[in-house]
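Enquirer: What follows is a predicted structure for the sequence shown.
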Amino acid sequence: MDLPADAKIQERRMKNSVEHAYSFASLSEYSPWERFQIKLADLTFYLLIKFIGLTVRWTVEGVEHLESISRSGALPIYTLWHNHIFLGTYFLRNRRIVVMTSRSFDGEYIARFIQRFGYGAARGSSTRGGIGAVRDMVKLMRSGCPTAFTIDGPKGPRHLAKMGAVLLAKKTGNPVLPFSVTPSKYFTINSWDRLQIPIPFTRALTTYAPPIQVPKDATDEALQAKRDELQQVLDELCARGDQWRQA
């Protein structure tokens, strides 16, 4: 049976929105030198993450929590700390996960290399266009796309959970899935998040925690309580990773 004209238009818009998330954006607003830098950074990070990721020996815990979400027909809202993003990007690749990237020079090359790993990009951040990006993530989840947040990003404070994932869970009915990835051997760079760069051929522990459900009628007080719960779980995952590394 044919869909009504309005439904067809809506369906076409949703399809275009999904395709846009997984496609490289135009670089026409950038100078030739900036376009070169974006493309160089994109390929450099993609190849570096792919090379190191291929060498890692993985241990996975808590996969039953991810499977329980799939069985329920819901979609996960993956949530991890920003300093776990290097190996997290590789481990969660090719799952069509949508992440938020900023509307900026840095955000553009980040969007491009994550798209090479099979992610989608909702362009915006907590400082530039974030409201629009969250709105896009709601639409994309309703179209069947899982999502992910580096929940203390884009600029910190380090290991302090923000509200983005909790609000998205309320709006979509999908659960927050706390996640961590801990390399056994790594070095950190001098950044606000102390980004962990794993050493090739290291071991890594990836851990899923039980999902966190957020009621659609949650009050501001209830949302804050869910954020606090997420904070506690992610702190516990970090402690679990440290314990595993020292064993």
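Expert: Looks like it arrived, so ask away.
Enquirer: CA only for contacts and neighbour counts going forward, please
Expert: Noted.
Enquirer: Which secondary structure elements does whichever strand or helix holds residue 115 sit against?
Expert: Using DSSP states H and E, residue 115 sits within helix 105-116. Here helix 105-116 touches helix 32-55, strand 98-101, strand 120-123, going by 3 or more Cα pairs under 8 Å, 6 or more residues apart in numbering; DSSP states H and E.
Enquirer: Check this protein and tell me which residue is nearest its centre.
Expert: Central residue of the chain (Cα atoms, centre = their mean): residue 148, 2.8 Å from the mean position.
Enquirer: what residues are up against that one?
Expert: Going by Cα atoms under 8 Å, 6 or more residues apart in numbering, residue 148 touches 77, 78, 79, 80, 97, 98, 99, 100, 165.
Enquirer: and what of residue 43?
Expert: Residue 43 neighbours (Cα under 8 Å, 6+ apart): residue 113.
Enquirer: separation between it and residue 179?
Expert: 26 Å (Cα to Cα, to the nearest Å).
Enquirer: Next: residue 111.
Expert: Counting by Cα to Cα, the gap from residue 111 to residue 179 is 21 Å.
Enquirer: one step back: what's the most buried one of the helices and strands packed on helix 105-116?
Expert: strand 120-123 (a mean of 28; mean count of other Cα atoms under 10 Å).
Enquirer: That one: what's the following helix or strand?
Expert: According to DSSP H and E, the helix or strand after strand 120-123 is helix 130-142.
Enquirer: List the buried residues in that next one.
Expert: For helix 130-142, the neighbour count (16 or more other Cα atoms under 10 Å) marks 130, 133, 134, 136, 137, 138, 139, 140, 141 as buried.
Enquirer: Could you pick out the longest helix of the chain?
Expert: helix 220-246 (DSSP state H).
Enquirer: Can you mark which positions in that one are buried?
Expert: 223, 226, 227, 228, 230, 231, 233, 234, 235, 237, 238, 241.
Enquirer: can you pull the pLDDT of the third one?
Expert: According to the model's per-residue confidence, residue 227 sits at a pLDDT of 97.
Enquirer: any idea how far it lies from residue 114?
Expert: 26 Å.
Enquirer: next helix or strand past the longest strand seen in the chain?
Expert: Across the chain, the longest stretch assigned as strand under DSSP state E is strand 176-183. Using DSSP H and E, the helix or strand that directly follows strand 176-183 along the chain is strand 186-188.
Enquirer: for the helix or strand just after that following strand, the distance to its chain's centre please.
Expert: Downstream of strand 186-188, the next assigned helix or strand under DSSP H and E is strand 196-198. Relative to the centre of its chain, strand 196-198 is centred 17 Å away, using Cα atoms, centre = their mean, to the nearest Å.
Enquirer: What residues sit buried inside strand 196-198?
Expert: 196, 197, 198.
Enquirer: and whichever helix or strand comes after it, what does it pack onto?
Expert: Sequence order places strand 203-208 as the next helix or strand after strand 196-198, per DSSP H and E. The contact analysis (3+ Cα pairs under 8 Å, 6+ apart) places strand 203-208 against strand 57-61, helix 63-72, strand 176-183, helix 220-246.
Enquirer: Averaged pLDDT, strand 203-208. What do you get?
Expert: 98.
Enquirer: same check, this time on stretch 85-99
Expert: Stretch 85-99 carries an average pLDDT of 96.
Enquirer: Now do the end-to-end distance for it.
Expert: Note: stretch 85-99 ends 11 Å apart using Cα to Cα.
Enquirer: Next: stretch 84-100.
Expert: For stretch 84-100, the end-to-end distance is 16 Å (Cα to Cα).
Enquirer: outside of that stretch, which residues touch it?
Expert: Contacts for stretch 84-100 (Cα under 8 Å, 6+ apart): 21, 49-50, 53, 114, 117-125, 133-134, 137, 140, 145-150, 180-182, 195-198.
Enquirer: Okay then, goodbye and thanks.
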